[in-house]
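Peer 1: coords below, sequence missing:
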């Protein structure tokens with residue numbers, strides 16, 4: 001006896017695929033940056049120095065006196081010279097009185113005239129430095145300089161820009177060209 005046979009035929013599916021790639025766009029804009037540096041504040045104050053020079057003693061050494069002092073000095077010299085002259089006249093009068101009438105016949109007057117007249121030696125001569133050492137007095141008070149600096153920090157402003165991101169997803173579409181099939185035949 002003969003057994004029936006089964007014959008199986010298969011037909012595969014055939015597809016036509018269309019693929020659309022995804023599109024991705026990414027852009028990072030630069031950050032906005034602004035920097036400014038304000039100038040520092042500088043304050044300076046000075047107290048000036050003071051120099052005092054006292055040359056009054058040097059001027060006195062040179063013979064320059066203040067007017068009031070000069071008047072007092074000349075008045076005192078005048079009084080002293082007048083007193084000297086008065087003393088001298090008294091001495092000469094006493095000398096004439098004591099020597100008069102002793103047969104000298106005017107010799108006393110000649111002797112007094114010789115005492116009062118003739119070259120007088122100024123002496124002694126020495127070298128003198130005018131003005132004297134240390135006659136000019138100086139005094140100095142130094143000045144002062146104050147410097148104040150106020151530091152000012154830089155101003156930095158940053159503006160961060162967001163990322164620009166655009167994405168179009170990809171797509172796959174398919175069309176079936178041939179359907180799958182299974183044929184089963186029974187052969188006897």
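Peer 2: Cool, got the structure. Remember, it's a predicted structure, so these values are computed and weren't measured experimentally.
Peer 1: rest of the way, CA atoms for contacts and neighbours
Peer 2: OK.
Peer 1: how about the nearest residue to residue 39, chain neighbours excluded?
Peer 2: Closest residue to residue 39 apart from its sequence neighbours, by Cα to Cα, 6 or more residues apart in numbering: residue 152 at 6.8 Å.
Peer 1: what distance do you get for that neighbour to residue 45?
Peer 2: Between residue 152 and residue 45 the computed distance is 20 Å (Cα to Cα, to the nearest Å).
Peer 1: look at the closest residue to residue 186 other than its chain neighbours and say how many residues are nearby.
Peer 2: Leaving aside its chain neighbours, residue 186 sits nearest to residue 6 (4.5 Å; criterion: Cα to Cα, 6+ apart). The local packing of residue 6 (other Cα atoms under 10 Å) involves 11 other residues.
Peer 1: what strand or helix carries residue 6?
Peer 2: Per DSSP states H and E, residue 6 falls inside strand 5-11.
Peer 1: helices or strands up against that strand?
Peer 2: strand 181-187 (3 or more Cα pairs under 8 Å, 6 or more residues apart in numbering; DSSP states H and E).
Peer 1: what about residue 90, helix or strand, and which?
Peer 2: Counting by DSSP H and E, residue 90 is part of helix 67-99.
Peer 1: give me the buried positions along that helix.
Peer 2: 92, 96, 99 (16 or more other Cα atoms under 10 Å).
Peer 1: list the contacts for the last one?
Peer 2: Translated: residue 99. residue 108 (Cα atoms under 8 Å, 6 or more residues apart in numbering).
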